[in-house]
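Q: need the 3D shape of this:
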Amino acid sequence: MSTRQRGDHVELFAESYLKKQGLTLVEKNFNSRFGEIDLIMLDKSALVFVEVRFRANTSYGSGAETVNFRKQQKIIKTAQLYLQANKKMQQRDCRFDVVSVTLSAQEPLIEWHKNAFQAPSW
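A: Residues are numbered from 1 along each chain as shown. Got it, this is the predicted structure:
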């Protein structure tokens, strides 16, 4: 399985998990010149920008720990471009979540970090 195929598989797993938690998918893999947002979902009335991270093991930390300040800035800038292009979404509260998926013996372990980071000024 290629890295891209694995990434797609993990994103589908995360999407399915979030749907079971009551979120609704709005868009997948939104790209801008700054980067990509893996999933954009609605949690009731809030618009949620989701970064999905995968780790084969936790030897070097969890996937969530890899979402550093630089990555956060890319996600925030991409989210701003998404909102500029989707005026109807601008009135919603927004948040940034990280879903970390790690392989384990039985099935993948998933950790959902709601409101994992904030945009400086929205």
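Q: please make it C-alpha for all contacts and neighbour counts, starting now.
A: Will do.
Q: which sections of this protein are below the confidence cut-off?
A: The chain contains residues with pLDDT under 70 at 57-61, 105, 121-122.
Q: how about the helices in it?
A: 3-20, 69-85 (DSSP state H).
Q: what comes into contact with stretch 2-12?
A: With contacts defined as CA atoms under 8 Å, 6 or more residues apart in numbering, stretch 2-12 is touched by 38, 39, 52, 54, 101.
Q: and of those, the nearest to residue 78?
A: residue 38 (10.8 Å; CA to CA).
Q: so what's the residue count around residue 71?
A: For residue 71, the neighbour count with other CA atoms under 10 Å is 13.
Q: again with residue 20
A: Neighbours of residue 20 (other CA under 10 Å): 10.
Q: sorry, back to before: now go through the contacts of stretch 2-12 and say which are in strands.
A: 38, 39, 52, 54, 101 (DSSP state E).
Q: need those residues in JSON lines (columns: neighbour count and distance to residue 28).
A: What follows is those, written out as JSON lines (neighbours: other CA atoms under 10 Å; distance: CA to CA, whole Å):
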{"residue": "38", "neighbour count": "23", "distance to residue 28": "6"}
{"residue": "39", "neighbour count": "21", "distance to residue 28": "5"}
{"residue": "52", "neighbour count": "24", "distance to residue 28": "11"}
{"residue": "54", "neighbour count": "22", "distance to residue 28": "17"}
{"residue": "101", "neighbour count": "24", "distance to residue 28": "17"}
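Q: the helices of the chain: which one's closest to residue 107?
A: helix 3-20 (11.0 Å).
Q: so which bits of the closest one are buried?
A: When neighbours are counted by 16 or more other CA atoms under 10 Å, the buried residues of helix 3-20 are found to be 7, 10, 11, 13, 14, 15, 18.
Q: quick one on the thing from earlier: can you list the contacts of stretch 2-12 in JSON lines and add distance to residue 68?
A: Shown next, in JSON lines, are the contacts of stretch 2-12 (distance: CA to CA, whole Å):
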{"residue": "38", "distance to residue 68": "16"}
{"residue": "39", "distance to residue 68": "18"}
{"residue": "52", "distance to residue 68": "13"}
{"residue": "54", "distance to residue 68": "15"}
{"residue": "101", "distance to residue 68": "17"}
